[in-house]
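Asks: Turn this into a model:
(one chain, ligands or ions: 1)
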Amino acid sequence: MITVTGARKNYGDFAALDDVDIEIPSGSLTALLGPSGSGKSTLLRSIAGLETLDDGIVRIGGDDVTGVTPQKRDIGFVFQHYAAFKHMTVRENVAFGLKIRKRPKTEIGRRVDELLGIVGLDGFQQRYPAQLSGGQRQRMALARALAVDPKVLLLDEPFGALDAKVRADLRTWLRRLHDEVHVTTVLVTHDQEEALDVADRIAVMNRGRIEQVGTPRDLYDRPANDFVMSFLGNVSRLNGKLVRPHDIRLGREPDLARAQDAGTAGSVGVTRATVERVVHLGFEVRVELRNAATGEDFTAQVTRGDARALGLAPGETVYARATEEPALPETTRVPIG
Ligand SMILES: Nc1ncnc2c1ncn2[C@@H]1O[C@H](COP(=O)(O)OP(=O)(O)OP(=O)(O)O)[C@@H](O)[C@H]1O
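Replies: Take a look at the predicted model:
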């Protein structure tokens, strides 16, 4: 378990961390998710001991490590731009931490080969970092961080510099690695898809504070406020309320929009709208609409079948209804940014 209590960090009069409390359960993979500048890296670096808090306590496995140097915190750390030792082979890079801990040679050899197997770099032992792809280099970085059996693995946008396809592959791979190794892991990301994809728990950060912590499903289904709802998944605004585009039903007749989902409590009424654009996104279809009463634009997401059945085309009049009662009380609105 990692526990951070009352963490504050100021740069001049800017609060990078503003009274942050968080508990990260042992063996979990927790993502710190938030926009740029929200304090994710500062929090991660404070757990690592690379940043000194102005106030607050960091505990790892029950021990107060607030004043302890990074080297003595028993952590592994991987950054976005991993600085490998260029003149060392992959094997030597991964062995580095074990070597300086003066572990026996045979143990080092065994451990390094085992780790390279786990990260899918078996056979790359004798290569130099320059002979690896970006994704392979980050996997080598993970092997190196894991080599010394850290209590905690801290990852700061480890796949941030890679292209989308490689990123997607690596996150599947990270999830599998975590299921195998079970080391308590904290991952900093600004990518909601990445957080939803790999994390057991997500802490959403905004302006140096934690807005909400929960499972990906909790956060998606029961966001604590507008900020969390907007940050996780798509949102649209219908008659002043935030709604998920796939929670908007469309119909050709006002009562059809209602009847399609008969029995759903919490209807927020039926809105007449004009179809502006119909965008085919594979299985789903995004329908861009204009509210006939207010002139505001909003978006619905429907299946291809529904779009065809409704014969949606620009200029047509349809009726829209949000099937889910927006979960957010008006009073919890927080500024975004
Ligand atoms: N050494 C520093 N001196 C001054 N300001 C800093 C310093 N380090 C961070 N900050 C500021 O603190 C805020 C939080 O930074 P942090 O790196 O934690 O954000 P982040 O959420 O990780 O963002 P990003 O995704 O862009 O890395 C930012 O506004 C940043 O400019």
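Asks: check contacts around the residue of the stretch 51-200 of the chain found nearest the ligand.
Replies: Using CB to the nearest ligand atom, the single residue of the stretch 51-200 of the chain nearest to the ligand is H190, 4.9 Å away. To be clear about C-beta, it is placed using only N, CA and C from the backbone, and glycine gets the same treatment. Listed by CB atoms under 8 Å, 6 or more residues apart in numbering, the contact partners of H190 are 33-36, 40, 157.
Asks: Could I get the pLDDT score of it?
Replies: H190 is assigned a predicted lDDT (pLDDT) of 91.
Asks: Among the contacts of H190, which one sits closest to F77?
Replies: E157 (12.1 Å; CB to CB).
Asks: any chance of the contacts of H190 in CSV, plus neighbour count and distance to the ligand?
Replies: Listed next are those as CSV, based on neighbours: other CB atoms under 10 Å; distance: CB to the nearest ligand atom, whole Å:
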residue, neighbour count, distance to the ligand
L33, 28, 9
G34, 27, 5
P35, 15, 7
S36, 8, 3
K40, 26, 4
E157, 19, 7
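Asks: Name the residue of the stretch 201-337 of the chain that lies nearest to the ligand.
Replies: For the stretch 201-337 of the chain, CB to the nearest ligand atom, closest residue to the ligand: M205, 6.4 Å.
Asks: how many neighbours does that residue have?
Replies: If you count neighbours by other CB atoms under 10 Å, M205 ends up with 28.
Asks: Show me what it bridges to in the sheet.
Replies: Following DSSP bridges, M205 is listed with bridge partners I210.
Asks: contacting residues around it?
Replies: 32-34, 38-40, 43, 211.
Asks: Can you read off the pLDDT for it?
Replies: So M205 comes in at 97 (pLDDT).
Asks: Farthest-apart pair in the contacts of H190, please.
Replies: P35 and E157 (13.0 Å).
Asks: Could you point out the helix or strand that follows the lowest-mean-pLDDT helix or strand in the chain?
Replies: The weakest-scoring helix or strand in the chain, judged by mean pLDDT, DSSP states H and E, is helix 254-259 (a mean of 60). Per DSSP states H and E, the first helix or strand lying C-terminal to helix 254-259 is strand 271-281.
Asks: now what about that next one, what contacts it?
Replies: So strand 271-281 is in contact with 238-239, 254, 285-293, 297-298, 304, 307, 312-321, going by CB under 8 Å, 6+ apart.
Asks: and I202, what element?
Replies: strand 201-206.
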